[in-house]
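K.L.:
based on what follows, work out the 3D shape:
(chains A and B)
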Number of protein chains: 2
Amino acid sequence: MAESGPLVECELVKIVIREESDQQYIFLKEKDGERTFPIVIGIYEAAAIDRRVRGIETPRPMTHDLLAHVIEALGARVLRVVVSSLRDNTFFARLELMRQDGEVDLDCRPSDAIALAAQTEAPIFVAEEVLESVTGM
Amino acid sequence: MAESGPLVECELVKIVIREESDQQYIFLKEKDGERTFPIVIGIYEAAAIDRRVRGIETPRPMTHDLLAHVIEALGARVLRVVVSSLRDNTFFARLELMRQDGEVDLDCRPSDAIALAAQTEAPIFVAEEVLESVTGM
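P.N.:
Residues are numbered from 1 along each chain as shown, chains lettered A, B, ... in the order given. Next up, the predicted model:
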């Protein structure tokens, strides 16, 4: 898909869950640099990411597990996830799937993208212009 | 897939959301009969089902929207969802997907199954033995 600019590989470095708050935070940091920024996400997605990072298994598949199973069962895999833009203080993301006959890209929220990346060990990319905009660097 | 017994088509007839509670309820009722039963689900899944039933659109795709988009983008569709068993007071379900080369079945929670059914208008089935067990009829 057409990108407006270069992408920077990032990694999930911190999850901050405050039970009493509606807003949870995940922090992404560029792999080959020091720029770091937070993304506000919901408790449900934060819990999903946290479970995955800690390797906690649940008796029944949770929603993001099901999402990963569907992708695999339909013969595709997560190529990468991309935090592609920031508009009105809201991040937008993209899920890039690879299947036999080519690539499929889908719009999603960064929280779902990163939950899925954490689960499938797919790399996380952030658009350089988003990184510049949120870090001022 | 092998079924332990006959299935009964049901429909979602009620969603009870109590913001102050951790447990929300959805009620399924058999289409050609009067048996009805509740399933306890989480607030996140209840909200997803409620949004879909009311036709409320969100600016960005929520997790179950993404799940439906992934299924469609990978060339499959939701054939039906099945509440297949009840063990230790926990319901288990199955998502049946159809793609060009055949059917794919995946274990899931009833809440995810019904959220997806509500979204894709796929039919909901419940194993007769589950219906008997929860309604005593």
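
K.L.:
can you pull out the strands in chain A?
P.N.:
A:7-16, A:24-30, A:36-41, A:76-87, A:90-99, A:102-108, A:124-127 (DSSP state E).

K.L.:
will you turn the ones you listed into CSV that also has mean neighbour count?
P.N.:
All C-beta atoms are positioned from the backbone trio N, CA, C, and that covers glycine. Below are the strands of chain A laid out as CSV (neighbours: other CB atoms under 10 Å in any protein chain shown):
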stretch, mean neighbour count
strand A:7-16, 16
strand A:24-30, 20
strand A:36-41, 18
strand A:76-87, 19
strand A:90-99, 20
strand A:102-108, 16
strand A:124-127, 24
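
K.L.:
just send those back as a markdown table, with distance to chain B and mean pLDDT too.
P.N.:
Below are the strands of chain A laid out as a markdown table (distance: least, CB to the nearest CB, whole Å; pLDDT from 0 to 100):
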| stretch | distance to chain B | mean pLDDT |
| --- | --- | --- |
| strand A:7-16 | 17 | 97 |
| strand A:24-30 | 13 | 97 |
| strand A:36-41 | 11 | 96 |
| strand A:76-87 | 5 | 97 |
| strand A:90-99 | 6 | 96 |
| strand A:102-108 | 5 | 97 |
| strand A:124-127 | 16 | 98 |
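
K.L.:
so for residue B:7, which of those sits nearest?
P.N.:
The closest of these to residue B:7 is strand A:76-87. By CB to CB, the value is 28.9 Å.

K.L.:
not counting sequence-adjacent ones, nearest residue to residue A:66?
P.N.:
Once flanking residues are discounted, residue A:66 sits nearest to residue B:108: 4.9 Å by CB to CB, 6 or more residues apart in numbering or on different chains.

K.L.:
any idea how far the one you found lies from residue A:57?
P.N.:
From residue B:108 over to residue A:57 the distance is 15 Å, taken as CB to CB, to the nearest Å.

K.L.:
and residue A:31, backbone torsions?
P.N.:
phi -70, psi -40 (degrees, to the nearest 10).

K.L.:
I'd assumed residue A:11 was in contact with it.
P.N.:
Yes. Using CB atoms under 8 Å, residue A:31 makes contact with residue A:11 at a distance of 5.7 Å.

K.L.:
now list whatever residues contact both of those two.
P.N.:
Counting by CB atoms under 8 Å, 6 or more residues apart in numbering or on different chains, no residue touches both residue A:31 and residue A:11.

K.L.:
which strand residues bridge the residue nearest to residue A:66?
P.N.:
Taking DSSP bridges as the rule, residue B:108 bridges to residue B:93.

K.L.:
report the contact partners of it.
P.N.:
A:60, A:61, A:66, B:81, B:93, B:94, B:95.

K.L.:
distance to residue A:46 for these - can I get that in JSON lines?
P.N.:
Output for the contacts of residue B:108, formatted as JSON lines (distance: CB to CB, whole Å):
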{"residue": "A:60", "distance to residue A:46": "20"}
{"residue": "A:61", "distance to residue A:46": "18"}
{"residue": "A:66", "distance to residue A:46": "18"}
{"residue": "B:81", "distance to residue A:46": "27"}
{"residue": "B:93", "distance to residue A:46": "25"}
{"residue": "B:94", "distance to residue A:46": "28"}
{"residue": "B:95", "distance to residue A:46": "25"}
